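In: sequence and predicted structure are below.
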Amino acid sequence: MQSSQSTDEKTQDATEQPLNADQWQDHLAKLSDYGKQLYIDYREQTGTCKKLAAAEWRLSTRSLALTIILLVCFAGGLVLLWAGLLATVGIAIFSFSQSLWLAAISLIALQLLCLAWLWKNIGYVSSKIGFDHTLKSVRQLFNINKDEG
């Protein structure tokens with residue numbers, strides 16, 4: 001009985017050896033497939049990151065051009081508004097109230113309101129300049145955490 005049991009164990013061990021080797025081959029094949037898929041996914045993500053950088057570059061150049069235009073308008077607005085609108089309003093206020101002080105304070109308040117509106121728009125448009133999404137994508141691509149450093 002002892003010998004038949006040991007023979008069965010030897011037969012069982014012999015049959016397990018090839019199964020383990022086959023399993024290893026299957027695991028290695030799966031690892032190879034996973035590596036190939038990882039490489040393909042990494043290349044796709046790199047391509048997407050490149051497209052994102054190009055899109056953000058176009059958006060940033062457009063925003064920069066608009067910011068420059070708004071800055072020119074801001075400077076031109078200072079001159080034109082002061083010379084045209086404020087002179088007209090100042091004359092109208094002075095003719096109704098006969099008060100030089102009231103006319104001056106009203107003109108300064110109107111000018112400050114206009115400048116505040118222009119400055120707000122310049123801030124909004126210039127905030128669109130940058131590569132925030134590209135940087136986020138590159139950090140994900142290379143697994144870079146913002147907290148490390």
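Out: The structure has been received and is ready for your questions.

In: show me what the longest helix along the chain is packed up against.
Out: Ordering each helix of the chain by length in residues (DSSP state H) puts helix 2-80 first. With contacts taken as 3 or more C-beta pairs under 8 Å, 6 or more residues apart in numbering; DSSP states H and E, helix 2-80 sits against helix 100-126, helix 132-141. From N, CA and C alone the C-beta is placed, and that goes for glycine too.

In: now do the first one against helix 2-80, angle only.
Out: In this case it means helix 100-126. Helix 100-126 runs at 150 degrees relative to helix 2-80, counting by axes from the mean of the first three to the mean of the last three C-alpha atoms, to 10 degrees.

In: ok, now which ones touch Leu71?
Out: Ile122 (C-beta atoms under 8 Å, 6 or more residues apart in numbering).

In: now the residue nearest the centre of the chain: how far from Ile122?
Out: Nearest to the geometric centre of the chain sits His133, at 2.3 Å (C-alpha atoms, centre = their mean). When C-beta to C-beta, to the nearest Å is the yardstick, His133 and Ile122 sit 22 Å from each other.

In: over to Ile144. Which of the three states is it?
Out: Under DSSP: H, G, I helix; E, B strand; the rest coil, the three-state class of Ile144 is coil.

In: could you count how many residues lie near the residue nearest to it when sequence neighbours are not counted?
Out: Spatial nearest neighbour of Ile144, excluding adjacent residues (C-beta to C-beta, 6 or more residues apart in numbering): Val138 at 7.4 Å. Neighbour count for Val138, taken as other C-beta atoms under 10 Å: 15.

In: and Val138, what pLDDT?
Out: If you check Val138, the pLDDT there is 79.

In: how about Ser60?
Out: 90.

In: correct me, but it touches Gly130?
Out: Yes. With contact defined as C-beta atoms under 8 Å, Ser60 counts as touching Gly130 (6.4 Å).
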